[in-house]
Structure formats: C-alpha cells, structure tokens
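[1] Next come a sequence and a model predicted from it.
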Amino acid sequence: MNTQNGLEDIKVSLKLKLAALWASLMFLYIYADYFHLYMPGKVEDIQAGRVFEFGITQGFLLAALASMTIPALMIFLSVALPAKVNRWVNIIIAGVFIPYTLFNLAGEAWMHMVFGAVVEVILLCLIIRYVWKWPRIEHERPVNEKFY
C-alpha cells in the first residue's frame, strides 16, 4: 500500500483573510509608532507636548485614537458584516487609509517608516483586491417557458 504524507491545504474564508490583513496592518502601525520613539529627540518632543507639528492635547489624543480605532474595528467587522456591506466598507476604509498612511511619511521619514508605510500600503491594496474580487453566487436562470 502506497500512502503519501502530503499536507492538506485548508481553504480559509475571505472574511478571515481580511481580518488577518487588518490585524497585520495594526501590528505594523503599532510597531512603527513604537520605533518612532527611538528616533533622536522624539521623546523630548513628546515631553515638551509636541508630536510632529501638533500640540499634544486631549483633542489630539482623541483624534489619534479615533483614527486607529477604525482599522482595529475592521478586524471584527470584516468577519461580522454581511458580504455586500463588508465589501464596500473594506474598499472605502482601505482606500481612505492609503493616503493617511502616506501622510505619516511627511517630514522626517526614516527607512523604518518608509518600509512600514510600503508594507502597510501593500496590505491595504490586498484588502481592496480581495474584496473587489469577492466571489459571487451563481444563480440558475429559469428557462423561458411558454405557459398555455
């Protein structure tokens, strides 16, 4: 008897792929922000109450958290939303976050920031590509029958 020890390639649902892409994006956002603290003078700027050109206020921190809440929620929403809504929400949110991600390179952009932004944009483009090609259900069309 000849048996092969091949590995089963388990089909992963599109919704889980989207959630994994959003989770990967969030990890990159978090690490890019964390590594930003290692850049000379950044901790001192934060202690002085400034980030880039912005003063650190309650409003600034609320806006920053709100902007990161959207992709964080997309991890769940990609699994929970019905297909039609899911498709459009993913296209719109990923499309909005591409320029948002690139805006983060304004000013002094170190190599780690550029690398992170490139990978983030690739992930966002993959999200758009996956949902753009969302599988469709084939419906049987009734045969034109004459009723007498």
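    Looks like it came in fine. Residues are numbered from 1 along each chain as shown.
[2] mind listing the helices for the chain?
    Under the criterion DSSP state H, the chain contains helices at 14-36, 42-47, 58-80, 83-103, 111-132.
[3] These into TSV, with extra columns for distance to G6, mean pLDDT and mean neighbour count?
    Any C-beta I mention is one placed from the backbone N, CA and C, and that applies to glycine too. Converted to TSV, those look like this (distance: least, C-beta to C-beta, whole Å; pLDDT from 0 to 100; neighbours: other C-beta atoms under 10 Å):
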stretch	distance to G6	mean pLDDT	mean neighbour count
helix 14-36	23	96	17
helix 42-47	50	93	12
helix 58-80	30	96	14
helix 83-103	32	96	16
helix 111-132	27	96	16
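[4] possible to save those as TSV with distance to E138?
    Compiled in TSV, these are given as follows (distance: least, C-beta to C-beta, whole Å):
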stretch	distance to E138
helix 14-36	16
helix 42-47	54
helix 58-80	24
helix 83-103	14
helix 111-132	18
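[5] between those, which one is nearest to E8?
    Smallest distance to E8 across those (C-beta to C-beta): 16.7 Å, for helix 14-36.
[6] Show me what that closest one is packed up against.
    In this structure, helix 14-36 makes packing contacts with helix 58-80, helix 83-103, helix 111-132, judged by 3 or more C-beta pairs under 8 Å, 6 or more residues apart in numbering; DSSP states H and E.
[7] Save those as CSV, and put in distance to S24 too.
    Converted to CSV, these look like this (distance: least, C-beta to C-beta, whole Å):
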stretch, distance to S24
helix 58-80, 10
helix 83-103, 13
helix 111-132, 6
